[in-house]
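# Provide a 3D model corresponding to the input given below.
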Amino acid sequence: MIMPALSTIRAVLLDMDGVLYVGDRPLPGVQDFLDYLDATGRGWLCITNNASKTPEESVAKLARMNVTAGPEHIFNSAQATAGWLAGQIRRDGIIPGKTFMFGMSGLRAALLAERFTLTDDPLAADYVVAGANFNLTYEELAQTAIAINNGARFVGTNPDKSFPTERGHLPGTGAILALLEATTGVTPEIVGKPNPAMFELAMQRLGVTPAETLMVGDRYDTDIAGAVALGMPTAGVLTGITTAAEFAAADPPPALVADDLPALLELFRAADGA
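Residues are numbered from 1 along each chain as shown. Below is the predicted model:
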């Protein structure tokens, strides 16, 4: 894709892990970048496949890194998944059936916000919704597999097989979903990036079109590939998963690649004549 002039961009979607921070380590220039977007009247939204935290917990994490954001600036794959599934099955304001959740506080909060009824009984579940679980046990995996094998509809929040941390790349939701798929023979329906629903819902929040929305991400297979498929301009940053060589070899590659957010900010300043 040919990159439109950055001066025409009205909104920016930012991945979080590998773009704003790595684990609990903040990456450089985040607040400066967000301040510039605000100062130039551009909307922005953090869209993350990490379903482990609530928006409020993500805001608190950013605050510990001296980055200012509100819950309205966070849109995670737990919210996207709960909203998408609820839209498919809700009848007359009611969601029929019960849901077995495999995940953490972010997924629980998102499902409850959409008025799902949660159950701990795998044999009573009509749906299994699985996301990141950093405290998983074998028994939780076993119970989830029992629910799927019993016929529950299997939905996953995102396909990320790994995520960047200070210790290196660790297993992500996609790795857990692969284990459950191997155990049950059932392929999950997946909502998060690179699937279109998450990008489309994010742009609806900001009131913008794909052509005027820049997606900034650190991994090609989710952040960039999904945005390109919707006709969005994209920027890869080299602070997370995908390397410069891997971005260059991708088909199609991101419209631009920057070392980090400070480098991307300088490109915006130059385009705006600032």
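# which phi and psi does the nearest residue in space to residue 125 that is not next to it in sequence have?
Across the structure, with C-beta to C-beta, 6 or more residues apart in numbering as the measure, the residue nearest residue 125 apart from its sequence neighbours is residue 100 (3.7 Å). C-beta: built from backbone N, CA, C; applies to glycine. Listed backbone geometry of residue 100 is phi -100, psi 120, with angles given as degrees, to the nearest 10.
# got a pLDDT number for residue 100?
Each residue has a pLDDT score; the one for residue 100 is 98.
# helices or strands up against the lowest-mean-pLDDT helix or strand in the chain?
In the chain, no helix or strand scores lower on mean pLDDT, DSSP states H and E than strand 162-165, which sits at a mean of 78. Taking 3 or more C-beta pairs under 8 Å, 6 or more residues apart in numbering; DSSP states H and E as contact, the helices and strands that strand 162-165 lies on are strand 168-171.
# what's the strand it packs on in contact with?
Applying C-beta atoms under 8 Å, 6 or more residues apart in numbering, the external contacts of strand 168-171 come out as 161-163, 241.
# next one, pLDDT for the closest residue to residue 244 other than its chain neighbours please.
Closest residue to residue 244 in three dimensions, ignoring its sequence neighbours and counting by C-beta to C-beta, 6+ apart: residue 238, at 5.7 Å. Per-residue confidence at residue 238 stands at 97 (pLDDT).
# OK, contacts around residue 238?
Applying C-beta under 8 Å, 6+ apart, we find residue 238 in contact with 218, 244, 247, 257-260.
# kindly recompute the last result at 10 Å.
Residues counted as contacts of residue 238 (C-beta atoms under 10 Å, 6 or more residues apart in numbering) are 18, 218, 244, 246-247, 257-260, 263.
# and those residues, which of them are buried?
For the contacts of residue 238, a burial check counting by 16 or more other C-beta atoms under 10 Å picks out 18, 218, 247, 257-258, 260, 263.
# picking that back up, I figured the residue nearest to residue 125 hits residue 108, correct?
No: between residue 100 and residue 108 there is no contact, the gap being 11.8 Å when judged by C-beta atoms under 10 Å.
# shared neighbours, those two?
Overlap between the contact sets of residue 100 and residue 108, as judged by C-beta under 10 Å, 6+ apart, is given by 118, 129.
# do you know how far residue 210 is from residue 23?
Using C-beta to C-beta, to the nearest Å, residue 210 is found at 31 Å from residue 23.
# circling back to that earlier point, how far away is the residue nearest to residue 244 from residue 264?
Per C-beta to C-beta, residue 238 is found 11 Å from residue 264.
# joint contacts of these two?
Both residue 238 and residue 264 are in contact with 257-258, where contact means C-beta under 10 Å, 6+ apart.
# break this protein down into its structural domains.
The record, using automatic domain parsing to delimit domains, assigns the chain the ranges 6-49+193-272, 93-190.
# next, format these as CSV and append distance to residue 56.
Conversion of the domains of the chain to CSV gives the following (distance: least, C-beta to C-beta, whole Å):
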stretch, distance to residue 56
domain 6-49+193-272, 13
domain 93-190, 9
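# for residue 61, find the nearest of those.
Comparison of these against residue 61 by C-beta to C-beta identifies domain 6-49+193-272 as nearest, at 7.7 Å.
# the nearest residue to residue 234 once chain neighbours are set aside: what secondary structure?
Beyond its immediate neighbours in the sequence, the residue positioned closest to residue 234 (C-beta to C-beta, 6+ apart) is residue 254, lying 4.4 Å away. For residue 254, the assignment made with DSSP: H, G, I helix; E, B strand; the rest coil gives coil.
# contacts only, for residue 254.
Taking C-beta under 10 Å, 6+ apart, we find residue 254 in contact with 1, 3, 215-217, 220, 223-225, 227-228, 233-237, 242, 247-248.
# returning to that earlier point: the contacts of residue 238: which two are farthest apart?
With distance counted by C-beta to C-beta, no two of the contacts of residue 238 lie farther apart than 246 and 263, which are 17.8 Å apart.
# and stretch 257-265, end to end?
With C-alpha to C-alpha, to the nearest Å applied, stretch 257-265 spans 12 Å between its terminal residues.
# my bad, should have said stretch 99-108
Counting by C-alpha to C-alpha, you get 10 Å between the two ends of stretch 99-108.
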